[in-house]
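Asks: Here is the input, now give the coordinates:
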Amino acid sequence: VQLVESGGGLVQPGGSLRLSCAASGFAFSWSIMSWYRQAPGKEREWVAAIVNIDGTTNYAASVKGRFTISRDNAKNTVNLQMNNLKPEDTAVYFCKALLKRGDEYWGQGTQVTVSS
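Replies: Residues are numbered from 1 along each chain as shown. Modelled structure (predicted):
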């Protein structure tokens with residue numbers, strides 16, 4: 001199993017970024033994919049999730065209305081479109097796969113910095 005995040009970077013407040021997570025080594029369509037983030041000195045927190053088989057999504061209250069999670073089952077990728085970014089969104093963002101048998105896998109993370 002391999003998860004590789006990309007798309008992080010430095011953006012000004014109010015700006016947008018699109019994160020991607022390329023997945024391989026498992027039955028992507030039957031998994032639940034999630035994005036988490038971890039800011040310096042804080043615990044890792046859940047951001048959003050998508051059930052790949054039917055596209056059902058869920059969001060943390062702090063990002064609802066600003067972030068959109070989506071997936072492409074043909075390309076085995078999950079994306080996180082982040083709009084109206086705030087300094088408090090600064091964190092390392094991680095992709096997680098929850099497989100049908102209950103195993104969990106994490107990517108290595110990608111840094112998002114929101115600063116003027």
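Asks: Spit out the contact partners of the residue nearest to F26 when sequence neighbours are not counted.
Replies: The shortest distance from F26 to any non-neighbouring residue, by CB to CB, 6 or more residues apart in numbering, is to V1 (5.2 Å). In short, each C-beta sits where N, CA and C put it, glycine included. Contacts were defined as CB atoms under 8 Å, 6 or more residues apart in numbering; by that measure V1 touches A23, S24, G25, F26, A97, L99, D103, Y105.
Asks: need the contact list for A27.
Replies: For A27, the contact set (CB under 8 Å, 6+ apart) comprises L99, K100.
Asks: go on, the one 3 residues further on?
Replies: Under the criterion of CB under 8 Å, 6+ apart, the contact list for W30 reads N52, I53, L99, K100.
Asks: Any chance of the backbone angles for it?
Replies: With angles defined as degrees, to the nearest 10, W30 sits at phi -100, psi 20.
Asks: same check, this time on F28
Replies: According to degrees, to the nearest 10, F28 has phi -60, psi -40.
Asks: For it, which non-adjacent residue is closest in space?
Replies: N76 (4.4 Å).
Asks: Can you give me every residue that contacts that neighbour?
Replies: With CB under 8 Å, 6+ apart, N76 has these contacts: A22, A23, S24, F28.
Asks: any chance of those residues in TSV, plus neighbour count and pLDDT?
Replies: Shown next, in TSV, are the contacts of N76 (neighbours: other CB atoms under 10 Å; pLDDT from 0 to 100):
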residue	neighbour count	pLDDT
A22	15	98
A23	22	97
S24	10	96
F28	21	93
